[in-house]
Every structure is written in structure tokens, then in C-alpha cells.
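>>> take a look and give me a structure for this.
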Amino acid sequence: MRTTSSLAIAEPGLAAPASPAGGDNRLSSLAEVDYAALQYRIRSRGALDIVFRAENHRSPLARSFQSGCLRLRVPRTETASEAPAAVIINTAGGITGGDSLVQSFRWEQGARATVTTQAAEKVYRALADGSPATIDTTLHVGAGAHAEWLPQEAILFDGSAFTRQARVLLDARATFLGIEAVVLGRAAMGERLRSGHLSDRLRIWREGRLVYADAMVLDGEIDRLMRRAAIGGGMRAIAVIVHAAPGAPALLPAVREALAEPRGCAAASAWNGLLAVRLLAPDGEALRHDIASAFAVLREGRPLPRVWRC
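Numbers count the residues shown, from 1 in each chain. Next up, the predicted model:
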């Protein structure tokens with residue numbers, strides 16, 4: 001695809017556009033730009049490699065590697081013993097086809113920390129022949145550590161292509177609470193995700209043994225697919241919450257009671273030291289309401305991180 005732009009862009013391997021005859025080379029001059037070639041050069045890349053350690057009843061950062069469009073900030077806690085809530089910031093303001101975010105977090109033995117995101121991640125329209133936007137996350141949780149992975153939802157725009165995968169590696173005595181959520185178009189803005197691609201995978205290992213696997217793929221006419229009773233029943237927002245801890249199954253009755261009157265559809269089950277909650281909702285607002293209801297039990301009454309409530 002070729003189009004015109006008022007900005008002349010010079011890239012290695014691309015010829016700079018010539019000035020019009022008699023022109024003064026002002027930026028207002030129209031220049032032909034090969035966007036098919038530029039799409040592989042102008043991409044957002046981000047990486048995080050973060051380690052929390054236990055130290056005197058606190059969990060400071062032992063390592064903080066940040067590159068590209070990703071940044072991590074750890075706001076001060078109200079008390080010294082309170083677990084930190086680290087916030088991921090994507091300075092690109094969203095992602096689109098070909099963008100790549102790679103995240104690694106490690107909780108060393110006895111560390112306690114929550115990781116969340118500054119805002120919902122927006123996934124914009126991708127080029128028809130381009131690669132998807134990707135988020136690849138690896139979480140290592142050591143012995144006696146308490147890890148919370150609470151990113152806000154990803155919002156998909158019409159025509160987007162998005163691949164997300166998370167791998168959670170747990171020690172035998174680790175505690176983990178995590179969520180992955182997605183909203184298929186902003187209902188309040190009259191948006192619908194008519195077509196696109198979504199691939200979402202979550203895997204949890206404990207002591208090297210796979211104990212939980214979840215995979216979802218929606219491709220093509222997503223709005224039509226989600227209207228089918230066996231898939232989405234007309235819902236447009238999805239979330240999976242997983243709690244892995246020795247005492248997790250004992251929370252099942254309280255979680256089911258908290259979700260007795262959801263704004264969407266909710267189900268919870270527990271087995272083998274795991275508790276899983278699945279949510280479907282008509283929009284992002286309803287989904288957040290039901291997520292908060294489940295977390296009120298799973299987080300023992302502690303409020304969600306402040307960025308969730310801004």
C-alpha cells in the first residue's frame with residue numbers, strides 16, 4: 001500500500017522524496033511514503049526484567065531492567081510492611097500489529113509484591129498482511145513468596161490482531177493470584193470488534209509440573225462468533241482469574257457467594273490447590289464489577305491497586 005503524507009521520512013534502504021520543482025522543501029510539500037516498507041521499521045518494542053527480594057519484612061527491587069517503551073514504577077506504600085504494588089507503564093500509549101512487549105518478573109523466596117498496569121492496554125487495528133501485536137510474560141514465584149499479577153484489561157479495536165501468553169512457574173510453597181482480561185470493543189463508545197484475531201494462553205507449572213492450562217483463540221468475524229451461545233452468548237468482555245495456594249479451594253464457597261448476582265456470567269471451581277474463576281460480561285464496566293467482587297474474597301478485603309480505581 002502506498003499513500004501520501006506531508007512528512008518526508010528518510011530510512012535506510014528508502015529513497016528520500018524529492019522536492020517539487022521550484023519548491024522550497026517545506027514540510028507542507030506532499031511526499032510519497034512506502035508504508036509497506038516502513039511497517040517493519042517503525043514498531044514498538046519493550047522489555048522488563050524485574051526481581052523482588054525479601055528484606056526486613058519488605059520487598060524492594062533486587063533487579064530492574066527496563067528498555068524500549070516499557071517502564072516500571074513502584075509508588076511508596078503507606079506503611080513499611082505493606083507489599084509494594086509495582087505499575088507497568090507502556091509509554092507508546094497502546095500497541096498494534098508487529099509491536100512486541102516481553103516481561104519477566106521474579107519473586108525471590110519470601111518476597112511479596114503486586115504487579116499491575118497503569119491503564120487498560122489498547123490494541124489498535126493491524127495491517128491486513130502484518131504480524132500481530134504480542135505480549136509475552138513469564139512469572140517466577142519462589143518458595144514462600146506471595147505474587148499478585150493484576151494487569152488491567154486489554155481493549156481490542158476493530159481489525160486488531162493480538163497474541164498474549166503468560167507462563168507462571170511456582171515453587172511448591174508459593175502463593176499466586178493472577179488475572180487475564182480482554183474487552184472486545186468499548187461499548188460506551190459504540191464500538192464493536194467485528195473482525196480480528198485474538199490468541200490468549202495461560203500456563204501454570206508447580207515444581208516443574210503443568211497444573212493449569214488455558215487457551216482461547218478467536219479469529220475472523222469475532223463479533224459473530226461471540227454471539228453464539230456456545231462461545232460468548234452475546235457477551236463482549238472476558239476474564240480468567242486463577243488463585244494457586246494450599247488454601248485456595250477453601251475459598252470456593254465464599255467466591256461463589258460473592259458472584260451470586262453477577263452483572264454478566266460467572267463460574268468458579270477448585271481442585272488440587274487451585275481456584276479458577278471465569279467471567280463473561282456485556283461490557284468492560286460490568287466485567288470490572290464482577291472482577292472486584294471476586295477479588296474482595298481472594299484478596300481478603302484489600303482494595304484493588306489505586307490505578308484500577310483512577
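>>> secondary structure element for residue 165?
For residue 165, the host element (DSSP states H and E) is strand 161-170.
>>> which strands and helices sit next to that strand?
strand 133-141, strand 154-156, strand 175-184, strand 196-206 (3 or more Cβ pairs under 8 Å, 6 or more residues apart in numbering; DSSP states H and E). C-betas here are computed from N, CA, C, even on glycine.
>>> switch the cut-off to 6 Å
Using 3 or more Cβ pairs under 6 Å, 6 or more residues apart in numbering; DSSP states H and E, the elements in contact with strand 161-170 are strand 133-141, strand 196-206.
>>> what's the burial count for the nearest residue to residue 227 once chain neighbours are set aside?
Using Cβ to Cβ, 6 or more residues apart in numbering and skipping residues adjacent in sequence, the residue nearest residue 227 is residue 234, 5.3 Å away. Around residue 234 there are 12 other residues, counting by other Cβ atoms under 10 Å.
>>> can you tell me the SS state at residue 234?
Taken by DSSP: H, G, I helix; E, B strand; the rest coil, the conformation at residue 234 corresponds to coil.
>>> what of the one 4 residues further on?
The three-state assignment at residue 238 reads strand, by three-state DSSP.
>>> residues touching it, list them.
182, 280 (Cβ atoms under 6 Å, 6 or more residues apart in numbering).
>>> that one bridge partners, please.
residue 182, residue 280 (DSSP bridges).
>>> work out the gap between the helix ranked longest in the chain and the centre of the chain.
Longest helix in the chain, counting residues (DSSP state H): helix 284-298. Here helix 284-298 is found 16 Å from its chain centre; the criterion is Cα atoms, centre = their mean, to the nearest Å.
>>> what does stretch 169-181 give?
Relative to its parent chain, stretch 169-181 has a centroid offset of 16 Å by Cα atoms, centre = their mean.
>>> now the terminal residues of that stretch, how far apart.
20 Å (Cα to Cα, to the nearest Å).
>>> and the average pLDDT for it is what?
The average pLDDT within stretch 169-181 is 97.
>>> show me which residues of stretch 153-173 are buried.
Neighbour-count burial for stretch 153-173, with 16 or more other Cβ atoms under 10 Å as criterion, is recorded at 153-166, 168-171, 173.
>>> below-threshold pLDDT in the stretch 151-300 of the chain: ranges please.
Judged against pLDDT under 70, the stretch 151-300 of the chain has no low-scoring part.
>>> rerun that using 90 as the cut-off
187-192, 246 (pLDDT under 90).
>>> I'd guessed residue 151 sits against residue 115; true?
No. Between residue 151 and residue 115 there is no contact under Cβ atoms under 6 Å: 7.6 Å.
>>> which of these two has more neighbours?
Taking neighbours as other Cβ under 10 Å, residue 151 and residue 115 compare with residue 115 leading, 26 against 21.
>>> neighbours of the closest residue to residue 187 other than its chain neighbours, how many?
Counting by Cβ to Cβ, 6+ apart, residue 187 lies nearest to residue 283, which is 3.8 Å off, once chain neighbours are set aside. When neighbours are counted by other Cβ under 10 Å, residue 283 registers 18.
>>> and residue 283, backbone torsions?
Here is the backbone geometry of residue 283 (degrees, to the nearest 10): phi -160, psi 180.
>>> returning to that earlier point: need the helices and strands packed on strand 161-170 in TSV with mean neighbour count, can you?
Shown next, in TSV, are the helices and strands packed on strand 161-170 (neighbours: other Cβ atoms under 10 Å):
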stretch	mean neighbour count
strand 133-141	21
strand 196-206	19
